[in-house]
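S.K.: Here is my input, please return the structure:
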Amino acid sequence: MTGGVIVTGGGSGIGAAVCRQLAAQGVAVGVLDRNASAAAQIAEEVGGVALSANVANSEALAAELERGAEQLHGLVGLVNNAGIGNLKGFESYTDAEIDLIFAVNFSGTYSAMRTAAPLMRASGGGSIVNVASVSGVRPTRGEAPYSAAKAAVIALSQAAALELAPQIRVNSVSPGFIRTPLNEVLAGDEQLRSQIEAGTPLGRLGRADEVSELIVFLLSDRSAYLTGQNLVLDGGSLLNSAQMDPVLETMLDRYS
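M.R.: Below you'll find the model as predicted:
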């Protein structure tokens, strides 16, 4: 197989960490982000290809994925990392907010996979990794649409694993509390961070590079017999789900 890997939401956080680790292993990388300058910055850093599209726009996304596959001389991997969330009470979400959360987290992932599948087959096959969330495994307070969208991503990944096999493997990863720019407000809130750490058996927030390690493993031949799985990376917090309820209540009260 020849070709590279495209990472959506690759301009920051977990996506940028994936791009850096892939490049360090000699993999050609396409950095796709709706923020064109962020994509260009990471692409320059890793010697990759900068791509820009809003994943909620299926036509623009398809065009950039096709352009990226051409510049990478084929496509053997796709990481659907782009996502958005919100934190509000159940009855406070508007139709527009719900639609946007699903458009980015679910429809954007589906659209990218639909475009990428024939490109990957033309390159001899490959691996797709979709970034879901522990919120999709155990729905959380204040995140009803996000939890539902991420649960849909997990189900979508498993359905695609059936339909795209054997040429293409599809798995998802579900991170817990990871210290990224998106979550920096939580990390910077000493009281809330202490609550999170107390409810996590490993006693700390996760790091973006720890999630990227798992994603890169799933992209590689080292996981050649692994498909249709959702791997949780949360420091064990789901094991303490009851103890995490006060954390979620605090988040909802403080940041919604």
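S.K.: Report the separation between the closest residue to residue 202 other than its chain neighbours and residue 160.
M.R.: Sequence neighbours aside, residue 235 is the residue nearest to residue 202 in space, at 3.8 Å (criterion: Cβ to Cβ, 6 or more residues apart in numbering). To be clear about C-beta, it is placed using only N, CA and C from the backbone, and glycine gets the same treatment. Remark: distance between residue 235 and residue 160 (Cβ to Cβ, to the nearest Å) = 28 Å.
S.K.: Tell me how many other residues surround the residue nearest to residue 202.
M.R.: When counting by other Cβ atoms under 10 Å, one arrives at 23 neighbours for residue 235.
S.K.: would you put the C-alpha positions of whichever helix in the chain runs longest in CSV?
M.R.: As assigned by DSSP state H, the longest helix anywhere in the chain is helix 144-164. Output of helix 144-164 as CSV, limited to C-alpha atoms (Å, rounded to 0.1, in the frame of the first residue of the first chain):
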residue,chain,number,x,y,z
ALA,A,144,-27.3,15.3,25.6
PRO,A,145,-26.8,16.1,21.9
TYR,A,146,-23.0,15.5,22.1
SER,A,147,-23.4,12.2,23.9
ALA,A,148,-26.0,11.1,21.4
ALA,A,149,-23.8,12.1,18.4
LYS,A,150,-20.7,10.4,19.8
ALA,A,151,-22.7,7.2,20.5
ALA,A,152,-23.8,7.4,16.9
VAL,A,153,-20.1,7.6,15.8
ILE,A,154,-19.4,4.4,17.7
ALA,A,155,-22.3,2.6,16.1
LEU,A,156,-21.3,4.0,12.7
SER,A,157,-17.7,2.8,13.1
GLN,A,158,-18.9,-0.7,13.9
ALA,A,159,-21.4,-0.7,10.9
ALA,A,160,-18.7,0.5,8.6
ALA,A,161,-16.2,-2.1,9.9
LEU,A,162,-18.7,-4.8,8.6
GLU,A,163,-19.3,-3.1,5.3
LEU,A,164,-15.8,-2.0,4.4
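S.K.: So which bits of that helix are buried?
M.R.: 144-154, 156-158, 160-161, 164 (16 or more other Cβ atoms under 10 Å).
S.K.: Just checking: what are the partner strands of whichever helix or strand comes after that helix?
M.R.: Using DSSP states H and E, the next helix or strand after helix 144-164 towards the C-terminus is strand 168-175. Using DSSP bridges, strand 168-175 pairs in its sheet with strand 126-131 (parallel), strand 230-233 (parallel).
S.K.: now these as CSV including distance to residue 38?
M.R.: Below are the strands paired with strand 168-175 laid out as CSV (distance: least, Cβ to Cβ, whole Å):
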stretch, distance to residue 38
strand 126-131, 17
strand 230-233, 24
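S.K.: Low-confidence regions, the stretch 51-200 of the chain specifically.
M.R.: 181-187 (pLDDT under 70).
S.K.: what angle separates the longest helix of the chain from strand 168-175?
M.R.: Following axes from the mean of the first three to the mean of the last three Cα atoms, to 10 degrees, one obtains 160 degrees for the angle between helix 144-164 and strand 168-175.
S.K.: Contacts for helix 144-164, please.
M.R.: Outside helix 144-164, the residues that touch it by Cβ atoms under 8 Å, 6 or more residues apart in numbering are 80, 83, 85-86, 90, 93, 97-98, 101-102, 105-106, 109-110, 113, 117, 128, 130-133, 135-137, 139-140, 168-172, 174, 227-228, 230.
S.K.: Phi and psi next, for residue 211.
M.R.: Dihedral angles of residue 211 (phi, psi; degrees, to the nearest 10) stand at phi -70, psi -40.
S.K.: Pull the number of nearby residues for it.
M.R.: So residue 211, with other Cβ under 10 Å, has 24 neighbours.
S.K.: hang on, it packs against residue 234?
M.R.: No. Using Cβ atoms under 8 Å, residue 211 is not in contact with residue 234, being 10.2 Å away.
S.K.: quick one: common contacting residues for the two?
M.R.: With Cβ under 8 Å, 6+ apart, residue 211 and residue 234 have common neighbours residue 175.
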